[in-house]
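Enquirer: Quick check, what structure comes out for this input:
(2 chains)
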Amino acid sequence: MVVAGATRTVAVIEDEESIAQPIAARLRSEGYVVEIAYDGPSGVEMVDRIRPDVVVLDLMLPGFDGLEVCRRIQRDRWVPVLMLTARDSEADLVIGLSVGADDYMTKPFSARELVARVGALMRRAERVSTPSKDLSGLLRIGTIELDPATRKVTVAGADVHLTPTEFELVCHLGRRPGRVSTREELLEDVWGYDFPAGGRTVDSHVRSVRRKLGADVVRTVHGVGYAIDEIAVAS
Amino acid sequence: MNRSNPLGALPTLKLRLAVIIIAAVGVTVATFYATLKWWVLWPAFAGVLAGGVALAVVWILSRGTLEPLREMASASEAIARGEFDTRVVENSRDEIGRLAHSFNLMAHELAQTDRVRRDLVANVSHELRTPLTSLQVKLENIADGIEVADAETISTMLLQTERLGRLVEQLLDLSRLEAGTVPLDRREFEIWPMLELAARESRLALPNANISIAVEPRDLTVDGDPERLHQVVANLVENAVRYSPPGGTIAVDACREGGDIRIEVADNGPGISAAETELVFERFYRSDSARSTRDGGAGLGLAIARWIVDLHGGEIRPEPRDPHGCRMIVTLPAHAA
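Expert: So this is what the prediction gives:
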């Protein structure tokens, strides 16, 4: 499924050769150009060199770990990161520390699903780089202001940093005041997934948003999904 | 004096009760006497007044005596629910105070055990997930026709399966050793054949390994479980081979040292730093150099070796080798105590 005219590049940073190689083989069979690095420092160097469209990153790496790699490669430009972890409890760590991981998969995972998620992250990266005009109005939620044009976020006048994924998540909910979005809807519209896996990714991002913007910004509707209430959109 | 626990400084509960009783009786008698003598009141009224004063004295002095027990009862329930960081206040020196102290020690110990267990589960799951992931992605690739199931692919998958098998085996072994369910099968046996066998097994895995064996005297014997001690030596030799540079030499020596038998496995690998001399024996601990080695072990071998040596009443420790490398030294009592 090569998109006409453009070759997409994926960087795989994983210290286990027996995992990195077959993942790379599968991604290549889907038409991506793939490069592999086996530790933190060479991973960062590789990303700077080849400027990939998506990074698949293991959390536990020799040199420095995946969180540090994530921080360094996001320093001057946003690149979607799919993090691989070996422990369930690491999900919040990966997403919550605002290092900019956009999704995670827990080992052992399916390579088929990994490819689907990489594809979705590609599509999303494209959408983010070309923001549509109709959503450019300033969004106000209580004392919180989000400006889709500049991607600036302020809470009561003070600047707050949101990752692109968190920004889109808040925008999506904020544009539909009072309406409940299911996890599946959010995965489809914010992450661009056309498969139902990854509900916990949504939960982790919501937790992260609450930490940054305040606990009462996003309302949990048990068994259904999430919503943002009390809202005044101005332009 | 502490107002919430006025008699907290007394060393025993008996003394505390004696003080309360003497104080109560003294106050009763004094009140009764004084009321009758100076105010010339009815004896019945004097009795009621004295009783009231005595009650007040007992109530004040006994404060803090039973409170720790109530506190411990609710803390026990909290710990039973899994809240291992619950502690009680230790504010007296008597038996109840000591009980509170022991209670806190127990809670601390439980918290420690719980943490070790959690770490263990996390480590085990991490070690199991990695080979499983590698197998799953490989098999999916073959099923979807992305890779062909040639001899090379299959042998890498076989390696992962062996790694899983070895891990399960080691984990079971370690838990059996810790539980003490496998008694040692001790007897007097010659050391040289055991070292020879361990070396031969390692040469099988790495044909050009340079292993020399020296036993002094040649027919030196030790009293121990031959199979378990072989496991120790095989593990040390395997580690030495794994971390030695190509062409490195591994020296396996055994000799008598006082009343002990000393077995030494020396390599010229990266060595073990002083900070790591204890850590290497911890389950799942791997030094950075071990971590970067492809297909390294899970970090259980030395933990098992230490258990076995401990069961024999001996000791195991790493020492640096000149100019670089590591010497693993095992000392065993020549005869069982």
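Enquirer: Going by C-alpha atoms from here, please, whenever you check contacts or count neighbours.
Expert: OK.
Enquirer: Below-threshold pLDDT in the chain: ranges please.
Expert: Going with chain A. Residue ranges of chain A with pLDDT under 70: A:1-6, A:88-98, A:128-136, A:230-235.
Enquirer: not what I meant, chain B
Expert: If you take pLDDT under 70 as the line, chain B has these spans: B:1-3, B:40-41, B:287-297, B:336-337.
Enquirer: Residue of the stretch 101-250 of chain B nearest chain A, please.
Expert: Using Cα to the nearest Cα, the single residue of the stretch 101-250 of chain B nearest to chain A is residue B:133, 4.2 Å away.
Enquirer: how long is stretch A:192-203 from one end to the other?
Expert: End-to-end distance of stretch A:192-203 (Cα to Cα, to the nearest Å): 16 Å.
Enquirer: Run the chain-centre distance for it.
Expert: Computed by Cα atoms, centre = their mean, to the nearest Å, the chain-centroid distance of stretch A:192-203 equals 11 Å.
Enquirer: Go through it and flag the buried ones.
Expert: Of the residues in stretch A:192-203, A:192, A:193, A:198, A:201, A:202, A:203 count as buried by neighbour count, 16 or more other Cα atoms under 10 Å in any protein chain shown.
Enquirer: Which of those residues fall in strands?
Expert: Per DSSP state E, strands hold no members of those.
Enquirer: Among those residues, find me the one that's closest to chain B.
Expert: Lowest distance from chain B to the buried residues of stretch A:192-203 (Cα to the nearest Cα) belongs to residue A:198, with 18.0 Å.
Enquirer: ok, which of the buried residues of stretch A:192-203 also contact chain B?
Expert: When the buried residues of stretch A:192-203 are checked against chain B using Cα under 8 Å from any Cα of the partner chain, none falls in range.
Enquirer: For the nearest residue to the residue of the stretch 101-250 of chain B closest to chain A once chain neighbours are set aside, which residues are in contact?
Expert: Counting by Cα to Cα, 6 or more residues apart in numbering or on different chains, residue B:133 lies nearest to residue A:108, which is 4.2 Å off, once chain neighbours are set aside. Contact analysis of residue A:108 by Cα atoms under 8 Å, 6 or more residues apart in numbering or on different chains lists A:86, B:129, B:130, B:132, B:133, B:134, B:136.
Enquirer: What's the end-to-end length of stretch B:82-92?
Expert: Taking Cα to Cα as the measure, stretch B:82-92 stretches 27 Å from start to finish.
Enquirer: buried sites along that stretch?
Expert: Under the neighbour-count criterion of 16+ other Cα under 10 Å, stretch B:82-92 has B:84, B:86, B:87, B:88, B:90, B:91, B:92 buried.
Enquirer: Next: stretch B:250-261.
Expert: Buried, per 16+ other Cα under 10 Å, within stretch B:250-261: B:250, B:251, B:252, B:253, B:254, B:255, B:256, B:260, B:261.
Enquirer: same thing with stretch B:22-37?
Expert: Across stretch B:22-37, burial judged by 16+ other Cα under 10 Å covers B:24, B:25, B:27, B:28, B:31, B:32, B:33, B:35, B:36.
Enquirer: gap between the second one and residue B:300?
Expert: In this case it means residue B:25. On the measure of Cα to Cα, residue B:25 and residue B:300 end up 68 Å apart.
Enquirer: Same question for the first one.
Expert: Going from residue B:24 to residue B:300 by Cα to Cα gives 65 Å.
Enquirer: quick revisit: please settle this for me: is the residue nearest to residue B:133 part of a helix?
Expert: No - Residue A:108: not assigned to a helix; according to DSSP: H, G, I helix; E, B strand; the rest coil it is coil.
Enquirer: Show me where the chain has its strands.
Expert: With no chain named, the answer covers chain A. Using DSSP E, strands in chain A cover A:9-13, A:33-37, A:54-58, A:81-85, A:103-106, A:139-141, A:144-147, A:152-155, A:158-159, A:181-182, A:219-221, A:225-227.
Enquirer: that's the wrong chain, I meant chain B
Expert: Going by DSSP E, chain B shows strands at B:187-190, B:210-216, B:221-224, B:249-257, B:260-267, B:315-320, B:326-333.
Enquirer: which parts of chain A sit against chain B?
Expert: So chain A meets chain B at A:16, A:18-19, A:22-23, A:25-26, A:29, A:62, A:86-87, A:107-112 (Cα under 8 Å from any Cα).
Enquirer: sorry, back to before: isn't the residue of the stretch 101-250 of chain B closest to chain A right next to residue A:109, touching?
Expert: Yes - Residue B:133 is within contact range of residue A:109, at 6.2 Å (criterion: Cα atoms under 8 Å).
Enquirer: Can you name the residues that contact the nearest residue to residue B:160 once chain neighbours are set aside?
Expert: Nearest non-adjacent residue to residue B:160, counting by Cα to Cα, 6+ apart: residue B:131, 5.3 Å away. Residue B:131 makes contacts with B:160, B:161, B:163, B:164, as judged by Cα under 8 Å, 6+ apart.
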